[in-house]
Structures are given as C-alpha cells and as structure tokens.
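Colleague: sequence-free structure coming up:
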C-alpha cells in the first residue's frame, strides 16, 4: 500500500506537467498566428519598368524668309543668255521700294534689260501681287535705260506701297523676253552711321 500511495502522486504529477506543456505550446502557436496576422509580410518592392524617355524636341530656328535656291547652272545661264551677273533684289525706303540691280558682262545681250520700250514687272510668287516701276514728272521712270557697258552695274526700282513683298519673299521679274524666276528679296543694307557704331 505504501508503494501504491507513492506511485500515484508521481504519475499524476507527470500527467499534469504534460498537460501544461500542451497548453503552453498551443498558446504560443495561437500567439504566433495572431502576430503573423497583425504584422503583414513584407512584400517585395515593385520592379519599375524603365520607360524610354521621349525623344528631345528640337526647336527649329525661326527662318527670316525664303532661301535663294538658284544653282550655279542658273547663274551661268543668266550670264550666257542675258549677259548679266551679280543679280540682287533688295528692299529700300523702309520696304516701300524694291530695288533690282545687276552687273553687265555682255552689253549686247543685256540691252533688253535697259530697253525703255519694255515695262518691267515684278510679281510675288505666292500672292501673285504685281509691282511696276514708278514714274516721276522730272526723272521719268525710275530705271536706267542707257546703253549698257560691260563691267557696270545697273538698277531699277519697283513701288511696293502695300509692303506685301518683304525681305525673304520669292519673286519673279519679267522684262520683255527676259525672265528671272525665284529671286529672293534681301533686307535693307545698314546705313553708314550704324556701321560706324559697330566698329570697336
């Protein structure tokens, strides 16, 4: 009886310890689960897909007007066919006058440009506006009509009161059989005082 009395309490003690361990493990497991729910797992950082940067926009420089596209062949044609070179169209008098000038290299071929019987016409290639040579009471038409001489420059002017033709405009000139197409009007040349101020 004495042995049975001592054995029973020891068995009960072991059972109690085992049950306590089971309860503790269950409690820790539940706590871990709760903690796992309260603290969300760290999601991997999103991988950003590289976006191609847009192509740089190149601002085109503003153009001052049309570009003279006359080729060397055309310049040679004016020289061979009409005996002139160094052709220029330039606005003057604040744009109210367009001056046409040229140098004679073959006086015989260039006679048609100085023919007083022919009326020169300047026309705007875009609008079709036509300009003529003005005439005054004292000087007559503002153009040179003397017989051309090799090596000399000659000129005529066209009245541009509407100022529809400006520096950069592309124009055509017709003097009888003579045609000069696609000429570009140049801006006025700076005055001498302005040039003097630019000198250091």
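Modeller: Now that the structure is in, tell me what you want to look at. The structure displayed is predicted, hence computed values, not measured ones.

Colleague: what stretches of this protein score poorly on pLDDT?
Modeller: Applying pLDDT under 70 to the chain flags the ranges 1-71, 190-200.

Colleague: Specify the residue ranges that define each domain of the protein.
Modeller: As recorded under automatic domain parsing, the domains making up the chain are 1-36, 72-188.

Colleague: Okay, strands next: where are they in the chain?
Modeller: For the chain, the strands defined by DSSP state E occupy 84-92, 97-104, 121-124, 130-132, 135-136, 140-141, 153-159, 170-175, 178-184.

Colleague: got the ones you listed as CSV, with distance to residue 114 columns?
Modeller: Placement of C-beta: from N, CA and C, glycine included. Conversion of those to CSV gives the following (distance: least, Cβ to Cβ, whole Å):
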stretch, distance to residue 114
strand 84-92, 10
strand 97-104, 9
strand 121-124, 16
strand 130-132, 17
strand 135-136, 16
strand 140-141, 12
strand 153-159, 6
strand 170-175, 9
strand 178-184, 11
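
Colleague: just those: most buried one?
Modeller: Here the criterion is mean neighbour count by mean count of other Cβ atoms under 10 Å, and of these the winner is strand 97-104, at a mean of 21.

Colleague: Can you name the residues in contact with it?
Modeller: Here strand 97-104 makes contact (Cβ atoms under 8 Å, 6 or more residues apart in numbering) with 83-92, 110, 113, 120, 122, 131, 148-160, 165, 171, 173, 185.

Colleague: quick one: residue 108 and residue 81 touch, right?
Modeller: No. At 12.0 Å, residue 108 does not count as touching residue 81 under the criterion of Cβ atoms under 8 Å.

Colleague: Between these two, which has more neighbouring residues?
Modeller: residue 81 (13 against 10; other Cβ atoms under 10 Å).

Colleague: ok, now which ones touch that one?
Modeller: Taking Cβ under 8 Å, 6+ apart as the contact definition, residue 81 lies against residue 109.

Colleague: Try it again at 10 Å.
Modeller: By Cβ atoms under 10 Å, 6 or more residues apart in numbering, the contact set of residue 81 is 106, 109, 177-179.

Colleague: how many other residues sit next to residue 167?
Modeller: Close neighbours of residue 167, defined as other Cβ under 10 Å, add up to 17.

Colleague: and the gap between it and residue 94?
Modeller: Distance of residue 167 to residue 94, computed by Cβ to Cβ, to the nearest Å: 11 Å.

Colleague: which residues are common contacts for the two?
Modeller: Taking Cβ under 10 Å, 6+ apart as the criterion, residue 167 and residue 94 both touch residue 188.

Colleague: Surely residue 96 is in contact with residue 166?
Modeller: No. Counting by Cβ atoms under 10 Å, residue 96 does not reach residue 166; the two are 11.0 Å apart.

Colleague: quick one: common contacting residues for these two?
Modeller: By Cβ under 10 Å, 6+ apart, residue 96 and residue 166 have these common neighbours: residue 160.

Colleague: Please point out which parts of stretch 75-84 sit buried.
Modeller: 78-79, 82-84 (16 or more other Cβ atoms under 10 Å).
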